[in-house]
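> Have a look at this prediction, sequence included:
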Amino acid sequence: MDGNSLSVIKLKNILLVTVPDDPGDDTIQELQNKVLNAIEKYESKGLILDISNVNILDSFFARTISETTQMVALMGGQTVIAGMQPAVAITATELGLHLGKAISTLDVDKALDIFTDNFKTV
Amino acid sequence: MPYINSHSNSRYISAFDKWQEQKDFVKFTKDDEEALKKMHPTAMKYADDFVEKLYEHLMSHPDTKRFLSDEKTLNRLKLAQKAYFLDLTSGDYGEEYFNSRLKVGIVHQRIGLPPRIYMTTYCYYMQLIIPTIYGNPDFDAETANAIFMALYKIINLDQELAISAYIHATDEVISRQSEEIMEMSTPVIQIWDGVVAAPIIGTLDSGRTQQFMERLLEKIVETNSPVALVDITGVPQIDTATAQHLIDTINAVKLLGSQVIITGVRPVIAQTLVHLGIDLTDIITRPSMAAGLKVALDKLSIKVTDMSKTTQGS
Amino acid sequence: MGCENTGECHIGSEGDIVTCRKVIRNVATAAGFGMTDVTRIVTAVSELARNVYVHAESTGMMRWNILQQPGKVGIELIFEDQGKGIADIDQAMEAGFTTANSMGMGLSGVKRLMDEMLISSELGVGTTVRVVKWGRIK
């Protein structure tokens, strides 16, 4: 699982990244870099991390998500975490992990709703 | 095998260690093993006779007869009994012996044979064996006493093992049942498109919370529900640990992208929460499930209309 | 007990953390652990393997054993490194303590995920962490 297996998809003014099931540290680091570069390039207002395939979220991954969320916010975007698996959510809670300012949604559809609703009000 | 043993603290193996301690405690020594070995030829001589007598005795009492239903079982038991009896004087009381004695307790528990029968049967057994020690021309008084004492010790150890295994097997049945009850007492149901509800009845301990959390989260994902009502009307009292378990559940649900509304907060629960200094201000709480459902429907922008009132009004 | 019930993984690079996770996911799933327990076990492996990788001066090792008992199954994981050791284990076990790349939830968090946890460490010699998780066979 190397970094170049990740692709950042641009959908109008938001970005969508599907994270693989068992991402290594290098993949996670690559994710942050690719996302920040894409935000700069497209001036995106939002980032959706589709983690519905992810079956492990450890403290390193959580910290990277939390930091990426902060960095994306500094560049004017909102991060949404979509589709976390129940087993992953339970483990993360027991481990005491936080995802910082990232919002969670049940799936990518509901994440898209957040952005369309927000843009309507803006 | 030795590698695995040295690293596994399984209860099974540590129980065998415990048994070694038990042997030391009752002072069951090499001398006892030797004494029992001296008894072995006598045991061989009388084994078939004893087994016949024992089963004759068991068959003459309705309380024990009911466990000896058919000829086939009876013959199988007689063979097992003979082996069991000969093991007593084999001189080898290691792990194999230990396991065979544990099995007695486990099997008795499974077939519902009460310890009362096991113990009294053993007593009858002793009445058959003892005369063959003291009436034996091969043994002088000292040897006979040594054999008797060794036999007394090993039978005591036997009984302890069988009864402990019996209790352990019963405990397992109880814990399995309580797990089933636990599951039944916290159903998670979808009550509206996008709303699940979970009434909790009874105390929330950590084992139960883990199970509950798992089922609640799975149901939320399965039904794609943005709101979950957790009703605590049936929770008799709340303490810091219970509150922490609730907060854990709420946080895990939040990670999924759904929201918990706690309903059924009775006055006494509200008082306890404030007195304990538990902060639930970030969490939506309502006194009743009905009030919670209203909040849920509002969140989903669902409007429920009372048709009778609408028609009357227009 | 065949060799599939016991084994070891070398931890010498960042990539080995993922290898440890994959191996243990297969072992724990085959042993009969439920989905949530498998996730707990694999997450603990990730934390502890990263700990070995980050702290060990040289390299480390993960060993596993499947423990079998009537009605239940266990997995024992032992992480060893020849690193600089932990000066104060009690302090290291406190939530929020951190020395390297983590959220400071590492060791204390792992304790919540597993049923048993034992750490022994000697300064300049290395650290051994032993964790066990028990599960009921369905």
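Thanks, I have the structure now.

> Please make it C-alpha for all contacts and neighbour counts, starting now.
OK.

> Residue B:286 touches residue B:296, doesn't it?
No: with the criterion set as Cα atoms under 8 Å, residue B:286 and residue B:296 do not qualify as a contacting pair; they are 11.0 Å apart.

> Counting neighbours, go ahead and name the busier of the two.
Neighbours were tallied for residue B:286 and for residue B:296 using other Cα atoms under 10 Å in any protein chain shown; the higher tally belongs to residue B:296 (23 against 20).

> List the contacts of the more buried one.
When the contact criterion is Cα atoms under 8 Å, 6 or more residues apart in numbering or on different chains, the partners of residue B:296 are B:195, B:227, B:261.

> distance of the second one from residue B:281?
To tie it back to what came earlier, the one meant is residue B:227. Between residue B:227 and residue B:281 the distance is 18 Å, computed by Cα to Cα, to the nearest Å.

> Can you pick out the residue with more neighbours from those two?
Neighbours per residue, other Cα under 10 Å: of residue B:227 and residue B:281, the larger number sits with residue B:227, 26 against 7.

> Pull out the buried positions in the helix or strand encompassing residue B:252.
Taking DSSP states H and E as the definition, residue B:252 sits inside helix B:240-256. The neighbour-count criterion (16 or more other Cα atoms under 10 Å in any protein chain shown) identifies B:242-243, B:245-256 as the buried residues of helix B:240-256.

> Repeat that for stretch B:101-117.
With burial defined by 16+ other Cα under 10 Å, the residues of stretch B:101-117 counted as buried are B:101, B:102, B:104, B:105, B:106, B:108, B:109, B:113, B:115.

> count of neighbours near residue B:209?
A count of nearby residues for residue B:209, using other Cα under 10 Å, gives 19.

> how close does it get to residue A:88?
For residue B:209, the distance to residue A:88 equals 16 Å [Cα to Cα].

> Next: residue B:81.
Distance, residue B:81 to residue A:88, using Cα to Cα: 53 Å.

> Which of the two has more residues huddled nearby?
The residue with more neighbours, out of residue B:81 and residue A:88, is residue A:88; 24 against 19, by other Cα under 10 Å.

> Tell me the pLDDT of residue 87.
All of this refers to chain A. According to the model's per-residue confidence, residue A:87 sits at a pLDDT of 96.

> um, chain C though
On pLDDT, residue C:87 comes in at 74.

> Tell me the secondary structure at it.
Applying DSSP: H, G, I helix; E, B strand; the rest coil to residue C:87 yields a three-state assignment of coil.

> Can you give me the neighbour number for it?
12.

> can you check residue C:91 too?
Under the neighbour criterion other Cα under 10 Å, residue C:91 is assigned a count of 13.

> quick one: it from chain B, how far?
Here the criterion is Cα to the nearest Cα, to the nearest Å. By it, residue C:91 lies 23 Å from chain B.

> That residue: which element?
With DSSP H and E as criterion, residue C:91 is part of helix C:89-93.

> the strands in chain A, which residues?
Shown for chain A, the strands assigned by DSSP state E span residues A:8-11, A:14-18, A:46-50, A:78-82, A:103-105.

> next one: chain B
With DSSP E as the criterion, chain B has strands spanning B:189-192, B:195-201, B:227-234, B:259-263, B:284-286.

> Indicate which one of those is closest to residue C:83.
Each of the strands of chain B was checked against residue C:83 via Cα to Cα, and the shortest separation belongs to strand B:259-263, namely 44.0 Å.

> Parallel or antiparallel, list what pairs with that closest one.
Partner strands and pairing direction for strand B:259-263 (DSSP bridges) are strand B:227-234 (parallel), strand B:284-286 (parallel).

> contact partners of it?
With Cα under 8 Å, 6+ apart as the criterion, strand B:259-263 contacts B:226-233, B:250, B:253-254, B:283-289, B:291-292, B:296.

> Could you identify the buried members of these?
Neighbour counting over these (16+ other Cα under 10 Å) leaves B:226-233, B:250, B:253-254, B:285-289, B:292, B:296 as the buried ones.

> so residue C:117 bridges to which residues?
Taking DSSP bridges as the rule, residue C:117 bridges to residue C:131.

> And it, how close does it get to residue A:47?
According to Cα to Cα, residue C:117 stands 38 Å off from residue A:47.

> Check residue B:21 too.
When Cα to Cα is the yardstick, residue B:21 and residue A:47 sit 64 Å from each other.

> neighbour-wise, which of these two wins?
Neighbours were tallied for residue B:21 and for residue A:47 using other Cα under 10 Å; the higher tally belongs to residue A:47 (31 against 12).

> What is the neighbour count of whichever residue of chain A sits closest to chain B?
Here chain A gets closest to chain B at one residue, residue A:105, 3.6 Å apart by Cα to the nearest Cα. For residue A:105, the count of nearby residues is 27 (other Cα under 10 Å).

> number of nearby residues for the residue lying closest to it once chain neighbours are set aside?
If you skip the residues right next to it in sequence, residue A:105 has residue B:257 as its closest partner in space, 3.6 Å away by Cα to Cα, 6 or more residues apart in numbering or on different chains. Residue B:257 has 26 neighbours, counted by other Cα under 10 Å.

> Much appreciated, bye for now.
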